[in-house]
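Student: Fold the following and give me the result.
(2 chains)
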Amino acid sequence: DGGITQSPKYLFRKEGQNVTLSCEQNLNHDAMYWYRQDPGQGLRLIYYSQIVNDFQKGDIAEGYSVSREKKESFPLTVTSAQKNPTAFYLCASSGQGQGETQYFGPGTRLLVL
Amino acid sequence: GDSVTQMEGPVTLSEEACLTINCTYTATGYPSLFWYVQYPGEGLQLLLKATKADDKGSNKGFEATYRKETTSFHLEKGSVQVSDSAVYFCALSDQYNFNKFYFGSGTKLNVKP
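Tutor: Now for the predicted structure:
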C-alpha cells in the first residue's frame, strides 16, 4: 500500500540534544512538508521541499533543519536551539499542481525529558 | 495574505443530529479548498475537496460546496454518528503557490449517543 510513514511514534529529547524525525513516502510525490501541531491548535509549517536537494523555510523554521537527498525521504532535525520542542510533528507529501491533496503521515510526538 | 477561519469548538451534538461547521477564507484568485479530519493521536486524513467555484465535495455523508461569492466552504452532514467525533480542519491551497497550504485552527466535534 502507498503511504507515508513516520518514525518513531514517540521520541524523547534531553536538554541540549539534537533529535531526528524520520519521514518516508512511497507515493512518488515531488513535494514534502513538515508541520508542528500544539495541543488544541492548528498546523504550522516548519519546512517544505518541492524537489530533491531543495527546500524552503516555513513559518516557524528557527531551531529546525531538514535535508532532501532522496525523493522518498525528508528527515527533520530538532536542534538544541529549539527551546520549546514538545509538540506533535506531522509530515505530508503531495504531487505538484493546483488542487493536489496533501497526504499526511501518522505523526511523531516529541517530549522533553 | 491567504487565511482560513473556521468556527471555534467544541461542537457537541446528539447522534443523528445535523452538523454544520462554518469555514470562510481569504485568498486571491481561485484557491482549492479542503476538509481534513483528525482522530486522537493520528495524522490528518482528507475528507473531501473542491477545486473550482460551485463544486461540491462529498464523502462518507459529508458535503461542502465551494462558494466564491461568499468565500465559504461550510462542512455539512445530515445525521452524525458517534464515530464522527474528531477534529475537523478546513484548508486552502493558493492558486499561485499551490504547495502552500493554509489551515484553519480546527473544530472539535463531540457526538453523544
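Student: Residues of chain B that sit close to chain A?
Tutor: By the rule CB under 8 Å from any CB of the partner chain, the part of chain B lying against chain A is B:32, B:34, B:36, B:41-46, B:49, B:51, B:89, B:93, B:95, B:98-101, B:103-106. C-betas here are computed from N, CA, C, even on glycine.
Student: mind listing what residue 97 touches?
Tutor: Since you didn't name a chain, this refers to chain A. By CB atoms under 8 Å, 6 or more residues apart in numbering or on different chains, the contact list for residue A:97 reads residue B:98.
Student: Roughly how far does the residue positioned nearest the centre of chain A sit from residue B:99?
Tutor: When chain A is reduced to its mean C-alpha position, the nearest residue by CA atoms, centre = their mean turns out to be residue A:34, at 3.0 Å. Spatial separation of residue A:34 from residue B:99 under the definition CB to CB, to the nearest Å is 13 Å.
Student: Please enumerate the shared neighbours of these two.
Tutor: Between them, residue A:34 and residue B:99 share the contacting residues residue A:48, judged by CB under 8 Å, 6+ apart.
Student: quick one: contacts for residue A:14?
Tutor: Listed by CB under 8 Å, 6+ apart, the contact partners of residue A:14 are A:112, A:113.
Student: Might you report the residue contacts of residue A:45?
Tutor: By CB under 8 Å, 6+ apart, residue A:45 lies in contact with A:33, A:34, A:35, A:58, A:59, A:60, B:100, B:101.
Student: now the residues you listed as a markdown table including secondary structure?
Tutor: Putting the contacts of residue A:45 into a markdown table (DSSP: H, G, I helix; E, B strand; the rest coil) gives the following:
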| residue | secondary structure |
| --- | --- |
| A:33 | strand |
| A:34 | strand |
| A:35 | strand |
| A:58 | coil |
| A:59 | coil |
| A:60 | coil |
| B:100 | coil |
| B:101 | strand |
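Student: Can you tell me which of those has the most neighbours?
Tutor: For those, the largest neighbour count, defined by other CB atoms under 10 Å in any protein chain shown, is 28 neighbours, found at residue A:35.
Student: Residue A:46 is in contact with that one, correct?
Tutor: Yes. Here residue A:35 lies in contact with residue A:46, judged by CB atoms under 8 Å, at a distance of 6.4 Å.
Student: Next secondary structure after the helix or strand bottoming out on mean pLDDT in chain B?
Tutor: In chain B, no helix or strand scores lower on mean pLDDT, DSSP states H and E than strand B:101-103, which sits at a mean of 93. Under the assignment DSSP states H and E, the closest C-terminal helix or strand after strand B:101-103 is strand B:107-112.
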